[in-house]
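Chemist: Predicted model and sequence below, questions to follow.
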Amino acid sequence: MSEFLDIALSFPPVVFTFGLLLVVLYWVTVIIGALDVDIVGFGTDADAEVEAGGGFWSAFGFGAVPFTVVVSLWITLGWIVTVLGTTWIRSADGMSIPPAVAGIAVLVAGIGVGMLGANLLTRPLAKLFEEAPATAHADLVGKVCVVRSGTVTLDSGQAEIADEEGHVLLINVRRSPHEPEGVEDALFARHSKVVVFDYDEVDQVFLVVPVALPPDIAVLEA
């Protein structure tokens, strides 16, 4: 184990090791629902920026595949290549190549193979993302969705909703700053049902209220 850590934290694998830790942390956070990320229709700002400059990204053959997916594969494959390459160099006897040169060569191989591998692995996905149905924000107003994050607050939250075609989307949701007093936080807990009543164009999030409000509380108007 100590030998593996020594290799992973040496040059060049260390270039990818810290990136891989961030990738793992990112996807674990997405899985447990604590990060406002949508894989289908309404993504993060990073993905939106990449799609806006799609010509540059598409030039590498990644098409409409989200930035986060491509980078995750790129870093993972690059890390594997550099770890294996470094292990082979250390085990090779009588190698006359200077360590610095060998390290740079392995790093270049990791970057190149990582990009090529990510390209090949994402090609089957590109068509799926390109053909994903476009759902207008207005089409989701009035629909019931299920909270998937731990809770919904003024600053964070996500919920699962089905569009007109029956496709399940993960959307970013928020409570309204104009919400009347008396609405319990428990009504926004995970698995609770809420209704989309408006879309905030500035923050690009959907505003929601609980399906079942106490009788003495007026429903918010869009």
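Modeler: Here it is on my side, so go on. These figures come from a predicted structure and were not determined experimentally.
Chemist: quick one, strands of the chain?
Modeler: 144-147, 158-162, 168-175, 193-200, 205-210 (DSSP state E).
Chemist: Export these as a markdown table, with columns for distance to residue 22, mean neighbour count and mean pLDDT.
Modeler: For the C-beta atoms, the positions are set from N, CA and C on the backbone; glycine is no exception. Shown next, in a markdown table, are the strands of the chain (distance: least, CB to CB, whole Å; neighbours: other CB atoms under 10 Å; pLDDT from 0 to 100):
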| stretch | distance to residue 22 | mean neighbour count | mean pLDDT |
| --- | --- | --- | --- |
| strand 144-147 | 27 | 19 | 94 |
| strand 158-162 | 21 | 20 | 92 |
| strand 168-175 | 21 | 21 | 91 |
| strand 193-200 | 29 | 18 | 93 |
| strand 205-210 | 25 | 23 | 94 |
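Chemist: Find the least confident helix or strand in this protein, judged by mean pLDDT.
Modeler: helix 45-52 (a mean of 40; mean pLDDT, DSSP states H and E).
Chemist: What number of residues are in the vicinity of residue 110?
Modeler: Counted with other CB atoms under 10 Å, residues neighbouring residue 110 total 26.
Chemist: show me the contacts for it.
Modeler: 12-13, 15-16, 77-79, 81-82, 85 (CB atoms under 8 Å, 6 or more residues apart in numbering).
Chemist: thinking again about what came up before, would CSV of the strands of the chain with distance to residue 184 be doable?
Modeler: Below are those laid out as CSV (distance: least, CB to CB, whole Å):
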stretch, distance to residue 184
strand 144-147, 14
strand 158-162, 17
strand 168-175, 12
strand 193-200, 13
strand 205-210, 8
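Chemist: Could you give me the buried positions within whichever helix in the chain runs longest?
Modeler: Longest helix of the chain, by residue count under DSSP state H: helix 99-130. If you call a residue buried by 16 or more other CB atoms under 10 Å, then helix 99-130 has these buried ones: 102-103, 106-107, 109-111, 113-115, 117-119, 121-122, 125-126, 129.
Chemist: next one: stretch 11-27
Modeler: Quick answer for stretch 11-27 (16+ other CB under 10 Å): 12-13, 15-17, 19-20, 23.
Chemist: the domain parsing of this protein - what is it?
Modeler: 2-130, 137-210 (automatic domain parsing).
Chemist: and these, which one is worst for confidence?
Modeler: Lowest mean pLDDT within the domains of the chain: domain 2-130, at a mean of 76.
Chemist: picking that back up, counting only helices, which of the buried residues of stretch 11-27 make the cut?
Modeler: Per DSSP H, the subset of these in helices is 13, 15-17, 19-20, 23.
Chemist: and residue 165, how many neighbours?
Modeler: The burial count for residue 165: 8, using other CB under 10 Å.
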